[in-house]
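In: Need coordinates for the following:
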Amino acid sequence: MLLAAHFGALVPDIDSGTADIWEHVPFGGVAGRAANTFLAHRNFTHSLLAAGLIGWLVYELLTLLPVYWGIDAYLCWLGFMIGFGAHLLADMLTIQGLPLLWPWQRSFGLPPKPLEGVRIVSGGWFEQLVLFPILNLSLILIVWAKWSVLSIWLFRGP
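Out: Numbering: from 1, shown residues only. Predicted coordinates for the structure are as follows:
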């Protein structure tokens, strides 16, 4: 589920040739350059339509996995969608916002007007020096607080 969430969080950026996801797939450099040629960043792949279509496709692919692999298709899909949704939510906090209702090009962001002036700049100092450390510390604290439950789930036998 964690691996699926990781990939789900990377998938919306497949429209950018420099996205991290291209480092995780075979021939990613070639695919990334092709994506740069044909796709505009923060367009279709950052929409609710893409979330639905990609989510459906991922679920269908997961159900094709052999049962003896012991992979719960629903939990993997859920992790993937949580990662995908978290990416969209995080991008909505930026100045650019997202075209959630693509092909309608109106951008949606958080907070909405008239408070859009407090949105962050993608890759800016606030994101790097404040937001990321807070998010990482929060994740560490959640894992620490729930370790007794997580360790049973992670290290249980087959």
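In: which other residues reach the worst-scoring helix or strand of the chain on mean pLDDT?
Out: For the chain, using mean pLDDT, DSSP states H and E, the weakest element among its helices and strands is helix 28-38, scoring a mean of 74. The contact list for helix 28-38 (CB atoms under 8 Å, 6 or more residues apart in numbering) reads Ile14, Asp15, Ser16, Gly17, Thr18, Ala19, Ile21, Trp22, Val25. Where C-beta positions appear, they are placed from N, C-alpha and C, glycine not excepted.
In: Now do the same contact list for the second one.
Out: Going back to what we said before, that points to Asp15. Ala35, Leu39, Ala40, His41, Arg42, Asn43, Phe44, Thr45, His46.
In: Could you check how many residues crowd around the fifth one?
Out: Each residue near Arg42 was counted by other CB atoms under 10 Å, and the total is 21.
In: Break down the chain into its helices, ranges please.
Out: Ranges of helices in the chain, per DSSP state H, are 2-10, 28-38, 48-63, 73-92, 125-126, 132-145, 147-154.
In: Show me which positions of the third one end up buried.
Out: With burial defined by 16 or more other CB atoms under 10 Å, the residues of helix 48-63 counted as buried are Ala50, Ala51, Ile54, Gly55, Val58, Tyr59, Leu62.
In: With pLDDT as new columns, can those be given to me in TSV?
Out: TSV is the format used below for the buried residues of helix 48-63 (pLDDT from 0 to 100):
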residue	pLDDT
Ala50	94
Ala51	96
Ile54	96
Gly55	97
Val58	97
Tyr59	97
Leu62	95
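In: Relative to Gln96, which of those is nearest.
Out: Nearest to Gln96 out of those is Ala50 (CB to CB; 16.4 Å).
In: That closest one touches Trp102, doesn't it?
Out: Yes. The pair Ala50 / Trp102 is scored as a contact, 7.3 Å apart, by CB atoms under 8 Å.
In: Overlap of the contact sets of the two?
Out: Phe44.
In: need the contact list for Cys76.
Out: By CB under 8 Å, 6+ apart, the contact list for Cys76 reads Met1, Ala4, Leu62.
In: same check, this time on Ser107
Out: Counted by CB under 8 Å, 6+ apart, Ser107 has contacts Gln96, Gly97, Leu98, Pro99.
In: For Ala90, see how far away it is.
Out: 15 Å (CB to CB, to the nearest Å).
In: Now do the nearest residue to Leu78 once chain neighbours are set aside, the pLDDT please.
Out: Excluding its sequence neighbours, the residue lying closest to Leu78 (CB to CB, 6 or more residues apart in numbering) is Met1, at 7.0 Å. The model reports Met1 with a pLDDT of 81.
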